[in-house]
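>>> Here is a sequence with its predicted model. Questions after.
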Amino acid sequence: MHEPGDLAEDLASAITDTDLDALGSAQDPRSLLPALADAVEWARYWQEPDEIDTALLNSELAAVLAPVATAVLAFRRSLVRQAARAAQASGRCAGSLTG
C-alpha cells in the first residue's frame, strides 16, 4: 500500500528527474500526447478509488505537483504564441488567441 508521504517522495523524485523546462519550451503539441494517453489508459473512473487514488488526495501533493502544472501551462502559452504568430503571418486576426 502506498502511504501519502511515500507517494509524495516518489513523485518529487520523478519530477526532479524530469526536464520540465523542455516541456515548457516544446514546439510540437503532439509531444504531450504520450503522457496524456498514459493517464487515460490508467484511468478507472468507474471503479472505487484504490490506495494510490486515496494517497493522491493528500494536500501535500499539490505542492509536489505544482512544477508539473507550471510546465504544462508554459507549454500551452508556447502553443498559443505559436498560433498567434502563424495567424499574424497569414494575415488573420489573432487577437482571440492571445487571451
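Arrived safely, thanks for sending. Numbers count the residues shown, from 1 in each chain.

>>> Name the SS class of residue 18, please.
Using DSSP: H, G, I helix; E, B strand; the rest coil, the structure places residue 18 in coil.

>>> ok, it - contacts?
The neighbourhood of residue 18, defined by CB atoms under 8 Å, 6 or more residues apart in numbering, consists of residue 68. Every residue, glycine included, has its C-beta placed from N, CA and C.

>>> mind checking pLDDT for it?
Residue 18 is assigned a predicted lDDT (pLDDT) of 86.

>>> do you know how far it is from residue 32?
Look at residue 18 and residue 32: by CB to CB, to the nearest Å, they are 13 Å apart.

>>> same check, this time on residue 11
Counting by CB to CB, the gap from residue 11 to residue 32 is 18 Å.

>>> helices or strands up against the helix or strand bottoming out on mean pLDDT in the chain?
Using mean pLDDT, DSSP states H and E, helix 20-24 stands out as the lowest-scoring helix or strand of the chain, at a mean of 76. Under the contact definition 3 or more CB pairs under 8 Å, 6 or more residues apart in numbering; DSSP states H and E, helix 20-24 sits against helix 60-89.
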